[in-house]
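Undergrad: the following block contains a protein sequence and its predicted model.
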Amino acid sequence: MLSGINDFAVKLANVNGSGSASANSLIMQAIFRMGVPVSGKNLFPSNIQGLPTWYEIRVNRKGYTARALDYDLMVAMNSQTYARDVSEVRSGGYLLYDSSWPLDPELYRDDVTFIGVPLAQMCNESFREPRERVLMKNIATAGVLIELLNIDGAIVEKLVEEKYGRKKALRESNRKALGLGADYVKKHYSCPLPFHLQTMHENDDKILIDGNSATALGCVYAGATVAAWYPITPSTSTMDAFKVFCDRYRKDKQTGESNYLILQAEDELAAIGMVIGASWNGARAFTSTAGPGISLMNELLGLAYYAEIPAVIVDVQRVGPSTGMPTRTQQGDLFECAYASHGDTKHILLFPANPAECFEFAAKAFDLAERFQTPVFLMSDLDIGMNDWVTPKLTWDDSYRPDRGRVLSAADLETIPKFLRYTPENGSAVAPRTLPGVSAKGAFFTRGSGHNKFGGYTEIPDEYQEVMDRLLRKHKEAAAFVPAPVIRRRAGARVGVITLGGCDPAVREALDILEEQGSPMDFMRLRGFPFDEPVEKFIAEHEFCYVIEQNRDAQLRSLLILETSAPKEKLRPVTVYGGFPLSAKNVLDFIGTQVEELDAIYR
Amino acid sequence: MPSIAKPLVAHPSLVRNEVGLTIRDYEGSMSTLCAGCGHDSITAALIRALWELSTPPHRIAKLSGIGCSSKTPTYFVSGAHGFNSAHGRMPPIATGANAANRELTYIGVSGDGDSLSIGLGHLCHAIRRNVRMLYVIENNGVYGLTKGQFSASSDVGSKSKKGEANRMTPIDPVLLGLSIGATFVARAFSGDKEHLVPILKAALSHRGFALVDVISPCVTFNDHEGSTKSYLHTRQHLLNAIEADFVPAASEIVAEISRNGSTSVTMHDGSVLRFTRLPEDYDVSDRQKAFAYLKEHPGEVVTGILYADESVEDLHEANQTPREALVNVPFEKLCPGAAELSRMQEDFR
């Protein structure tokens, strides 16, 4: 790939816990404010201090901001990973290293330009406290990058001012460190590099936000009042953000009175139990978790499904099975969530692809959960949830009112002879519910044991099946209410590509490249389960479809095979599941193995 | 006797409480438990206590887990919403329900398998959160529905129906509650309704989590010789250490000083517990004294309100939620709106 103005990728290799994150976000935010399309991917360890961590920044004037294809500049600041980091720079690229110590000559490359800056030495001479020396080394590195990449100094200055405005000493240290790096590199090297930044205006209507914050904001806007959770990577920041937003919007500044209640549960079994209890009582309640948490929640998810109690579950997926790799991304919980719990169960899933959809779908999840009186899963992942994404500004319609589904009031109950909990009205698959505390006439016994359409206990086959069959109809009814797939067609396309969630930018980029190479393919990004008619239609219209997803077992493909009439042979698995966000390169590498077959179709 | 339906008609001479209901209005459907089951006596005591407190049935929420005890919410207050949830999981479900609507009266009914084995962690954390609810453990030392396995409350040496002796040390819910900061701890015997009813009324008036351990013999699997949870053994070892009258909030309170000076506890709702029997030097507000007394009486079934503290804030007070239920807060007060969304996004640039 050729790089140039506003088209390059930088990878920063660091040791975690050394303060590199604030320097990384400073650079990322500065590029964003220069109006240039950009993405930042944090590839971090499951650890607090001392292990390797990387941050990848991709700049692309055309807006391709999936994970980079290769690296133009490596900022190699971690001796533990230096050998691998050196090998990852593209031929003709650059490597920035700390020249306070000599380089290992064996790791030198002729096709890469080495830029040495004595960062540690300068910081040791300029700062007194040992911790400050370590932290400011990162900021000095940012100073070097400002010059090498032509980052707007005034914007950086403003960011430092905003961040440390009141902490004068810290602000001055940052300025000094930035200056150290910038001055040295200007004096000793030709700046900027051939690939660098120039101001654009692509970000005027955009924000820089992570998916977990957007999800939390969606929950606030949807009117969620009860949240229950157990801390788990990578979903923890969802509840952290929910608390921050609630403190801002739901707390009376004078009295401290709070229109929300967050329960940090003893485990995920309890967290989902609390959500179910609160929803049973009529509150909008949610939990946020990851795959291991869903495993624990399976028992009560079946209860919510069978007793027909709304619940919203945010699953920020990480690499499984078992503990897996907690700080790496995957889409491996599709099966676990689609059929969570024992017995016949089927759930509603929503697949956001970016923070804007996290916000929109979070609010939607509550509407669906209440309308269909059932658990709804928001299937985010670590890449979407924890990385900052350049996102169109979020919007909200003030005419929105929660869809509470059919809930009978005391007055409604007066108009009927007897309330029968699981008997639906006029052809719908959903039966009206009542809330505790409203009327003795609406009282009934919620149970996870066998029940008939009147809500009574049963062990009679016909009565049991009647309720179970209605639950299946209810799930099918939901297909028309989940967000429709995003479909993009191309002239001459005969092959389709199906994907979901955070694969979106990488797949779209790969399809643009494939079209240039003479293999146009149609694109469909699924946004919800159960699948509606357009999904079947798309598959039927193509010779075959690649299903691109981030798990080993092609779970989305399996779900399509099980839940549509599409023949198995028409769905070709493309799986990338090592734990890093998808790159167009992953897709192209796979398609490269299919050349003969594609040639037969297209030529 | 599940095949017999209860008559719907109430005798006109039945006394009506403050909300105009007779005790029949607090009943539920016919019990399907074994004849003579201690749990049915507890159900009867609950019916009596709720009727006497004049709690409107629709303002009650009854929750349970799984097991014989967990079936009982069907047998009282049919005008209240009930939730027969999953084994051991009632405490979190009750916690969530309480979080959403603090205005209702929450009654959790559990057993020793439900609370002391599969749901032990949940019980502990509901205690720690001081969720305002009555939590009854119908404690019979045995798994009834699965036909006679020892439970975690079985005493060492207590024999199963087949004659096998339990070797593991028991978990005593009263000692557990006292040790992790429960704010109301009582023990009672299902066969002693006279003392059980005022304990339940006090527990229902408590500011937070009220733990009531009721020894409730299982006539089918644990009422034989050699069992320490049988009717006979419990009666022989019963020690009614502490007795109290429950005086409702509106009543005139006549202070009486007992010989040791400890007299009464005023509950959060203004009702008063007036102690008519207390051991020498006992203080219901002193956790250590409760521990000491229980240790001094091994092998005896010490009953009464053993500990009560009305000074600890409950879940809602600790979280500063409004006085009204969260479910009744209008959406307009919850959603910050489009203009604010637009403004606040400046922080994300």
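TA: Noted; the coordinates are in hand.

Undergrad: which of the residues in stretch B:294-307 are buried?
TA: For stretch B:294-307, the buried set under the neighbour-count rule, 16 or more other CB atoms under 10 Å in any protein chain shown, comprises B:294, B:301, B:302, B:303, B:304, B:305, B:306, B:307. For every residue, glycine as well, the C-beta is placed using N, CA and C.

Undergrad: and those, which is closest to chain A?
TA: Lowest distance from chain A to the buried residues of stretch B:294-307 (CB to the nearest CB) belongs to residue B:307, with 22.9 Å.

Undergrad: quick one: that closest one and residue B:245, what's the gap?
TA: Here the criterion is CB to CB, to the nearest Å. By it, residue B:307 lies 18 Å from residue B:245.

Undergrad: circling back to that earlier point, okay, and which of the buried residues of stretch B:294-307 map to strands?
TA: B:301, B:302, B:303, B:304, B:305, B:306, B:307 (DSSP state E).

Undergrad: ok, the fourth one touching residue B:187?
TA: Yes: with contact taken as CB atoms under 8 Å, residue B:304 and residue B:187 are classed as touching, separated by 7.1 Å.

Undergrad: give me the phi and psi for residue B:314.
TA: phi -90, psi -180 (degrees, to the nearest 10).

Undergrad: then the one 3 residues further on?
TA: In this entry, residue B:317 is assigned phi and psi values of phi -60, psi -40 (degrees, to the nearest 10).

Undergrad: neighbours around it, how many?
TA: 14 (other CB atoms under 10 Å in any protein chain shown).

Undergrad: any idea of the pLDDT on it?
TA: pLDDT recorded at residue B:317 is 98.

Undergrad: how long is stretch B:180-190 end to end?
TA: 25 Å (CA to CA, to the nearest Å).

Undergrad: what does stretch B:165-179 give?
TA: So stretch B:165-179: terminal residues 28 Å apart, CA to CA.

Undergrad: ok, is that stretch in contact with chain A or not?
TA: No: Stretch B:165-179 lies apart from chain A when judged by CB under 8 Å from any CB of the partner chain; the minimum separation is 14.8 Å.

Undergrad: mind listing what's buried in the least confident helix or strand in chain A by mean pLDDT?
TA: Within chain A, no helix or strand scores below helix A:595-602, which has a mean of 87 by mean pLDDT, DSSP states H and E. Residues residue A:598 are the ones in helix A:595-602 that count as buried (16+ other CB under 10 Å).

Undergrad: what's the answer for stretch A:407-414, then?
TA: Of the residues in stretch A:407-414, A:408, A:412, A:413 count as buried by neighbour count, 16+ other CB under 10 Å.

Undergrad: residues contacting residue A:294?
TA: A:268, A:301, A:313, A:315, A:333, A:336, A:337, A:340 (CB atoms under 8 Å, 6 or more residues apart in numbering or on different chains).

Undergrad: still on that earlier bit, filter the buried residues of stretch A:407-414 down to just the ones in helices.
TA: The members of the buried residues of stretch A:407-414 that map onto helices under DSSP state H are A:412, A:413.

Undergrad: closest to chain B out of the buried residues of stretch A:407-414?
TA: residue A:413 (10.4 Å).

Undergrad: quick one: the least confident helix or strand of chain A to chain centroid distance?
TA: 34 Å (CA atoms, centre = their mean, to the nearest Å).

Undergrad: picking that back up, include distance to residue A:465 when you put the buried residues of stretch B:294-307 into a markdown table, please.
TA: Shown next, in a markdown table, are these (distance: CB to CB, whole Å):
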| residue | distance to residue A:465 |
| --- | --- |
| B:294 | 52 |
| B:301 | 48 |
| B:302 | 51 |
| B:303 | 48 |
| B:304 | 51 |
| B:305 | 49 |
| B:306 | 50 |
| B:307 | 50 |
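
Undergrad: identify the farthest-apart pair in these.
TA: B:301 and B:307 (16.6 Å; CB to CB).

Undergrad: quick one: the strands in chain B, in order.
TA: Using DSSP E, strands in chain B cover B:60-64, B:81-84, B:105-111, B:133-139, B:142-143, B:149-150, B:184-189, B:209-215, B:238-240, B:243-247, B:264-266, B:272-277, B:301-308.

Undergrad: for chain A, find the nearest of the ones you listed.
TA: Here strand B:81-84 is closest among the strands of chain B (CB to the nearest CB), at 3.7 Å.

Undergrad: in its sheet, what does that closest one sit against?
TA: Sheet pairing of strand B:81-84 (DSSP bridges) gives strand A:445-447 (parallel), strand B:60-64 (parallel).

Undergrad: next, the distance between the ends of stretch B:200-215.
TA: First-to-last residue span, stretch B:200-215, CA to CA: 14 Å.

Undergrad: quick one: average pLDDT of it?
TA: pLDDT averaged over stretch B:200-215 gives 97.

Undergrad: so what's residue B:314 up against?
TA: For residue B:314, counting by CB under 8 Å, 6+ apart, the contacting residues are B:130, B:131, B:132, B:207, B:208, B:209.

Undergrad: may I see the ones in strands among the buried residues of stretch B:294-307 arranged in CSV, with pLDDT as well?
TA: CSV is the format used below for these (pLDDT from 0 to 100):
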residue, pLDDT
B:301, 97
B:302, 97
B:303, 97
B:304, 97
B:305, 97
B:306, 97
B:307, 97
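
Undergrad: pull up the residues of the stretch 351-500 of chain A that are close to chain B.
TA: Within the stretch 351-500 of chain A, the residues that sit near chain B (CB under 8 Å from any CB) are A:393-398, A:400-402, A:434-440, A:442-449.

Undergrad: which of those fall in strands?
TA: A:445, A:446, A:447.

Undergrad: residues near the closest residue to the last one other than its chain neighbours, how many?
TA: In space, residue A:447 comes closest to residue B:84 once its chain neighbours are excluded; the distance is 4.3 Å by CB to CB, 6 or more residues apart in numbering or on different chains. Residues contacting residue B:84 under the criterion other CB under 10 Å number 25.

Undergrad: and residue B:84, bridged to which residues?
TA: Those that pair with residue B:84 in a beta bridge, by DSSP bridges, are residue A:447, residue B:64.

Undergrad: what sits against it?
TA: Counting by CB under 8 Å, 6+ apart, residue B:84 touches A:445, A:446, A:447, A:448, A:449, B:64, B:65, B:66, B:70, B:71, B:73, B:74.

Undergrad: next, work out how far apart it and residue A:448 are.
TA: 7 Å.

Undergrad: show me the helices in the stretch 301-450 of chain A, by range?
TA: Assigned by DSSP state H, counting those that start in this stretch, the stretch 301-450 of chain A shows helices spanning A:334-338, A:355-372, A:382-386, A:410-414.

Undergrad: likewise the stretch 151-300 of chain A?
TA: Going by DSSP H, counting those that start in this stretch, the stretch 151-300 of chain A shows helices at A:153-164, A:168-188, A:211-222, A:236-249, A:268-280, A:291-307.

Undergrad: looking at those, which is buried most?
TA: Highest mean neighbour count among these (mean count of other CB atoms under 10 Å in any protein chain shown): helix A:268-280, with a mean of 31.
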